[in-house]
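Sequence and predicted structure, then a few things I'm wondering about:
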Amino acid sequence: MGKTAVGIDIGGTNIRASNISEDGRIIKGLKEPLSSSPIESAIALIDGIITDDTVGIGVGVAGIVDRGSGRVTLSPNIPQIVDISITRAIQERFHLPVVVENDADAYAYGEKWVGSGKGFKDFVLLTLGTGIGGGIIYDGDLFKGAAEVGHMIIEGEGVKCACGGYGCLEAYASGRAIVNKAVEAIEKGQDTILRACCNGNFYKLTGELIYRAALDGDNLSREIFRDFGRYLGIGMATLANLFSPEAIILGGGLLGAWDLFIELARKEFHRRTLAPLQQKVSIIKSSLGQDAGAIGAAGLVFKSL
Ligand SMILES: [Zn+2]
């Protein structure tokens with residue numbers, strides 16, 4: 001058997017670990033819900049899939065990563081991981097090279113390596129989940145800025161974001177944002193089938209429930225996804241104006257709602273992107289889905305060797 005690298009994806013909900021071949025195939029994958037000690041969980045998962053052919057371990061983690069030390073310096077969704085050196089903790093146990101990267105950056109690298117981004121030299125990846133993550137492939141390689149595209153400010157005096165700021169894209173076009181909007185509308189007495197969801201406890205609403213209600217023809221839910229599309233289009237226009245990418249690739253858990261938001265997202269995108277820059281941009285879906293982060297983290301290991 002050829003060389004393998006282990007890719008770990010530590011997200012706000014789950015930890016995924018996959019042993020990946022040199023051509024980007026998953027040999028074995030494991031997953032478990034996020035715990036209070038994610039590093040210990042990751043080490044246990046690595047133990048379950050590592051082989052004698054494994055040459056290194058890549059970790060994608062939801063937060064701002066100090067690439068030199070392998071420490072997470074900010075993570076609103078996984079505070080228990082902040083200020084721990086992930087590199088050191090994993091190296092002490094496995095004695096192999098370790099690469100630590102932001103999860104959306106790892107995702108983008110995975111798409112570039114073996115996914116939808118394979119044929120593009122420049123693209124921006126957006127992960128549409130509870131929040132919004134971003135990764136940028138520039139001139140064929142991972143752009144090493146923070147790429148916190150979810151915190152691009154799109155409304156000067158806008159609503160409060162999970163980061164503590166106001167008017168960020170994530171506060172308008174994420175799973176959390178649409179849930180907040182639905183709850184607010186229900187509290188105002190707006191007519192919607194969402195009211196009957198979760199046994200009447202609408203504080204338990206999720207993006208997926210709103211998506212299903214929209215498919216069932218619920219007007220409020222449909223309007224919420226149209227607004228989501230408009231704001232996503234504004235965000236994508238800014239990214240295109242900044243980076244002139246060949247593609248914008250959309251991934252994450254809300255991708256299933258594509259048909260509910262993409263038309264308005266494209267419309268807004270074309271209205272706001274500078275004409276010569278918008279011609280070449282393809283807006284497409286991620287092809288690796290939930291495995292992209294782990295695949296990309298493993299790909300970064302092969303690249304670093
Ligand atoms: Zn923000």
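Great, that's in hand. Note that this is a predicted model, so its numbers are computed, not measured.

Quick check: residue 299 vs residue 19, distance?
13 Å (C-beta to C-beta, to the nearest Å). No exception for glycine: its C-beta is placed from N, CA and C like everyone else's.

what's the overlap in contacts for the two?
Residues within reach of residue 299 and of residue 19 at once, by C-beta atoms under 8 Å, 6 or more residues apart in numbering, are residue 5.

Run me through the strand neighbours of the host helix or strand of residue 8, direction for each.
Element membership for residue 8, per DSSP states H and E: strand 4-10. Here strand 4-10 is paired, per DSSP bridges, with strand 14-21 (antiparallel), strand 54-61 (parallel).

from those, which stretch is densest packed?
strand 54-61 (a mean of 26; mean count of other C-beta atoms under 10 Å).

Let me see the contact set for the spatially most central residue of the chain.
Nearest residue to the geometric centre of the chain (C-alpha atoms, centre = their mean): residue 127, 3.2 Å. Counting by C-beta under 8 Å, 6+ apart, residue 127 touches 103-104, 107, 133-134, 251-252.

now with 6 Å?
104, 107, 133, 251-252 (C-beta atoms under 6 Å, 6 or more residues apart in numbering).

and residue 91, how far is that from residue 161?
35 Å.

Neighbour count: the two, which is higher?
residue 161 (22 against 15; other C-beta atoms under 10 Å).

where along the stretch 1-150 of the chain do the helices fall?
38-49, 86-94, 103-114 (DSSP state H, counting those that start in this stretch).

any idea which of those is most buried?
It is helix 103-114: most buried of the helices of the stretch 1-150 of the chain by mean count of other C-beta under 10 Å, with a mean of 29.

Show me what that one is packed against.
strand 54-61, strand 123-128, strand 132-138, helix 292-304 (3 or more C-beta pairs under 6 Å, 6 or more residues apart in numbering; DSSP states H and E).

Can you say which of these is nearest to residue 226?
Closest approach to residue 226 among those (C-beta to C-beta): strand 123-128, 14.9 Å.

Give the pairing partners of that closest one; include direction for each.
strand 132-138 (antiparallel), strand 247-251 (parallel).

could I get the ones you listed as a markdown table with mean neighbour count, distance to the ion and mean pLDDT?
Shown next, in a markdown table, are those (neighbours: other C-beta atoms under 10 Å; distance: least, C-beta to the ion, whole Å; pLDDT from 0 to 100):
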| stretch | mean neighbour count | distance to the ion | mean pLDDT |
| --- | --- | --- | --- |
| strand 132-138 | 26 | 9 | 96 |
| strand 247-251 | 24 | 19 | 98 |
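
thinking residue 252 is in contact with residue 130, fair?
No. Using C-beta atoms under 6 Å, residue 252 makes no contact with residue 130, being 8.9 Å away.

picking that back up, out of the strands paired with strand 4-10, flag the one nearest the ion.
Proximity to the ion (C-beta to the ion) singles out strand 54-61 among the strands paired with strand 4-10, at 18.1 Å.

can you list the strands paired with strand 123-128 in JSON lines and add distance to residue 231?
Listed next are those as JSON lines, based on distance: least, C-beta to C-beta, whole Å:
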{"stretch": "strand 132-138", "distance to residue 231": "10"}
{"stretch": "strand 247-251", "distance to residue 231": "13"}
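
Nearest approach to residue 210 belongs to which of the ones you listed?
strand 132-138 (16.4 Å).

if I pick the closest residue to the ion within the stretch 1-150 of the chain, what's in contact with it?
With C-beta to the ion as the measure, residue 150 is the residue of the stretch 1-150 of the chain nearest to the ion, at 6.3 Å. Shown in contact with residue 150 (C-beta under 6 Å, 6+ apart): 131-132, 169-170.

biggest separation within those residues, which pair?
131 and 169 (9.8 Å).

quick one: which of these two has more around it?
Set residue 131 next to residue 169 and count neighbours by other C-beta under 10 Å: residue 169 wins out with 29 against 26.
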